[in-house]
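Trainee: The following block contains a protein sequence and its predicted model.
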Amino acid sequence: MNDQVCLITGVGDRTGASLARRFARDGNRIALLARNTVMSQTLRSS
């Protein structure tokens, strides 16, 4: 297992959200940053 974390900023827009989903689906550990906490929480639960 890789101990690196993918830091994804701008997850409040479609591009950042798509990247976050893609990295997570590929099995990467991710950290999300967004100005809109509702969007980051939505992504976290999906």
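Mentor: Perfect, thanks for sending it.
Trainee: so where do the strands sit in this structure?
Mentor: 5-9, 29-33 (DSSP state E).
Trainee: Reformat those strands as a markdown table; add mean neighbour count, distance to S18 and mean pLDDT.
Mentor: Every C-beta, even on glycine, is put in place using the N, C-alpha and C of the backbone. Converted to a markdown table, these look like this (neighbours: other Cβ atoms under 10 Å; distance: least, Cβ to Cβ, whole Å; pLDDT from 0 to 100):
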| stretch | mean neighbour count | distance to S18 | mean pLDDT |
| --- | --- | --- | --- |
| strand 5-9 | 15 | 10 | 90 |
| strand 29-33 | 15 | 12 | 88 |
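Trainee: Export those to TSV and append columns for distance to T42.
Mentor: Shown next, in TSV, are those (distance: least, Cβ to Cβ, whole Å):
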stretch	distance to T42
strand 5-9	14
strand 29-33	10
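Trainee: List the contacts of the lengthiest helix in the chain.
Mentor: Across the chain, the longest stretch assigned as helix under DSSP state H is helix 14-25. Contact with helix 14-25 is made by 6, 8-11, 30, 32, 34, 39, 43, 46, as judged by Cβ atoms under 8 Å, 6 or more residues apart in numbering.
Trainee: what's the answer for stretch 28-42, then?
Mentor: Contacts for stretch 28-42 (Cβ under 8 Å, 6+ apart): 2, 4-12, 16-17, 20, 23-24, 43-44.
Trainee: among the residues you listed, which ones are buried?
Mentor: The neighbour-count criterion (16 or more other Cβ atoms under 10 Å) marks 6, 8, 11-12, 16-17, 20, 24, 43 among the contacts of stretch 28-42 as buried.
Trainee: Perfect, that will be all.
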